[in-house]
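Novice: Here is a sequence with its predicted model. Questions after.
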Amino acid sequence: MQGAVGALFVKPETRAPSHSLASVEATPTGFAGDLHSRRMTRRQILLVSRHVLTELDLEPGAMSENVVVDGLDVMSLREGQQLRLGGALVAVTIPCTPCAQMDGIRYGLKAALTNRRGMFVTVVTPGTVRVGDSVSPVHDPG
């Protein structure tokens with residue numbers, strides 16, 4: 001089970017558009033320059049599967065995700081599972097629950113994203129993440 005980084009985004013502040021990047025530093029607090037970058041949170045980086053965006057006719061970055069993953073269903077990942085995300089090591093924390101902001105993108109999107117909005121990860125070992133890098137599980141807690 002392996003995927004690839006299809007797109008990268010950071011959102012510098014609330015209500016600002018997401019910025020598409022070719023590479024980004026995964027720091028101990030999350031992606032450098034992202035408003036959700038904090039040490040004591042389980043919601044540092046949001047991974048979304050490209051097939052979800054495709055099925056819902058959404059452009060990458062439209063849902064404020066940080067990483068679009070090609071070729072891997074991120075909803076199949078489990079809490080505690082570690083992934084090699086380019087040059088960084090991350091650990092899966094919790095699924096992202098669709099919020100009312102999704103209906104602001106398109107009415108009905110919140111419901112359409114139930115159980116497929118994406119998974120949050122936290123940074124275990126910092127490193128550089130680039131578009132095209134592999135996304136591969138390195139540890140499965142069971």
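Specialist: Looks like it arrived, so ask away. All values reported here derive from a predicted model rather than from experimental measurement. Numbers count the residues shown, from 1 in each chain.
Novice: ok, what's across the strand from the spatially most central residue of the chain?
Specialist: By CA atoms, centre = their mean, the chain has its centre lying nearest to Leu47, at 1.9 Å. On the basis of DSSP bridges, Leu47 takes part in beta bridges with Val67, Met119.
Novice: what about the helices in this protein?
Specialist: With DSSP state H as the criterion, the chain has helices at 50-55, 101-105, 109-112.
Novice: mind showing which ranges of this structure have poor pLDDT?
Specialist: Scanning the chain for pLDDT under 70 picks out the ranges 139-142.
Novice: re the thing from before, doesn't Asp73 make contact with the residue nearest to the centre of the chain?
Specialist: No - with contact defined as CB atoms under 8 Å, Leu47 does not reach Asp73; the gap is 10.5 Å. Just so you know, the C-beta spots here come from the backbone N, C-alpha and C atoms, and that holds for glycine as well.
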